[in-house]
Every structure is written in C-alpha cells, then in structure tokens.
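*Asks:* sequence and predicted structure below; questions after.
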Amino acid sequence: MASSWTGNRVRLRAVEPDDWTAFMRFAEEDGRPGRRLDLPRSAESHRAWAKEQAVAECDDDRFRLAVEATATGELVGMVGSHRTGPRSGWFECDVMIGGEHRRRGYAAEALVLLLRFMFTERRYHKCLAAIFAHNEASLTLFGRLGFTEEGCLREHVFFAGRHHDLVMMGMLAPEFDQRHTGSEP
C-alpha cells in the first residue's frame, strides 16, 4: 500500500472539477427500477456540483472522496462521510460505485480505507450505514465488512410509488480493529 488513501484496487482522492462527466454518467445509469427517481439534472448542474466539491471544506468530518481504480486511473465511484455526531463519536458513511464497475471489490476497499481513517485518525467510535432493505448487494457488502444490523426503520422512505424500509447497520471501532487492522483493505 503506497499511502493511507491507496489500496490494491482503489485510490481515494479529492473530487476534481473535471470529474463531473463521470458523475453525470453514474447518475443517469442509476435510473433502474426500484431506485429513487430524481429529477433530471443538467450537465451544468453536474459541472457546478463537481466544482463545489473540489473546493469544499471538510465540515465536521463530512466529506466526499472520489474512488479511482488503481489499475486504470479511471473514476469508478464515490465514498464519504455525510453525517457526524462528533460529541457522541459516531459518523454515517456511504459508497456509490458506477454500474459498469460494480462487483470488483472497489466498494469494499474504499469503505475500509474510509473507516480506517475515521476510526484511527479522527477517533470516531462508531460508523452507521442506512441501507434500503431491498438492496441485497449493499446489505451483503456491509455484513461482509463486519457491520451488524441494528434495526429497521419501517416504511421510512417514500419513492417509486411506495414506502420502503431502511436497515440500519453499525460497526464499532474495536470491531473494525479486530477484523481489519494489519490487513490490506
């Protein structure tokens, strides 16, 4: 491993203004059945978002990082911490990998790199992930990483014409250490 931000498959880096085209492509391909339907966005809105992310300050440990494949240098997704409770020691994470790049280990490695940073450098005690109950791939991924199902928020989110359950999964810093310290992401 060359740095704390690089694993065997991925490198985490800041979002750059030129990344907007890849993020626009990821957003367009995610319009699959069973997904939340968002309003169409203009190319200019994607361009402005990427520009904003490129200069965004790390506000209370809330940030987004681009996930780049080490083998090709291609942008394959994004990982981040989007809610934090610094006084209580928890943060919430998420990961998004573009459709053509899924099932290659990118999400797992990006999450381990993020968790290692948040637990060891930022001293958080717990990570939470909110996952739609019908998203078997994400439930399996987080379970494989060592997250534990902590509860289900029944019919919590409305989209695609009905309410959906949201599964809450969590991992404590000691659980991460036991499972991932000393190993490659």
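*Replies:* All right, it came through fine.
*Asks:* use CA for all of it now, contacts and neighbours both
*Replies:* OK.
*Asks:* the longest helix along the chain: which residues count as buried?
*Replies:* The residue-count maximum for a helix in the chain (DSSP state H) belongs to helix 43-55. Buried positions in helix 43-55, judged by neighbour count with 16 or more other Cα atoms under 10 Å: 46-47, 49-51, 53-54.
*Asks:* in a markdown table, list these along with pLDDT and distance to residue 130.
*Replies:* Shown next, in a markdown table, are those (pLDDT from 0 to 100; distance: Cα to Cα, whole Å):
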| residue | pLDDT | distance to residue 130 |
| --- | --- | --- |
| 46 | 88 | 25 |
| 47 | 87 | 28 |
| 49 | 86 | 23 |
| 50 | 90 | 24 |
| 51 | 89 | 27 |
| 53 | 88 | 23 |
| 54 | 89 | 26 |
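*Asks:* my read: residue 132 touches residue 165, true?
*Replies:* Yes - Residue 132 is in contact with residue 165 according to Cα atoms under 8 Å; the separation is 6.0 Å.
*Asks:* which residues in the chain form strands?
*Replies:* 10-13, 63-69, 75-85, 90-97, 126-132, 148-159, 162-172 (DSSP state E).
*Asks:* rebuild those as a markdown table, extending it with mean neighbour count and mean pLDDT.
*Replies:* Shown next, in a markdown table, are these (neighbours: other Cα atoms under 10 Å; pLDDT from 0 to 100):
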| stretch | mean neighbour count | mean pLDDT |
| --- | --- | --- |
| strand 10-13 | 24 | 97 |
| strand 63-69 | 22 | 96 |
| strand 75-85 | 20 | 94 |
| strand 90-97 | 20 | 96 |
| strand 126-132 | 21 | 97 |
| strand 148-159 | 13 | 94 |
| strand 162-172 | 18 | 96 |
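*Asks:* residue contacts, residue 179?
*Replies:* Applying Cα atoms under 8 Å, 6 or more residues apart in numbering, we find residue 179 in contact with residue 146.
*Asks:* against residue 22, how distant is the closest residue to residue 138 other than its chain neighbours?
*Replies:* Distances taken as Cα to Cα, 6 or more residues apart in numbering place residue 131 nearest to residue 138, at 7.0 Å, with adjacent residues excluded. To residue 22, residue 131 is 24 Å away according to Cα to Cα, to the nearest Å.
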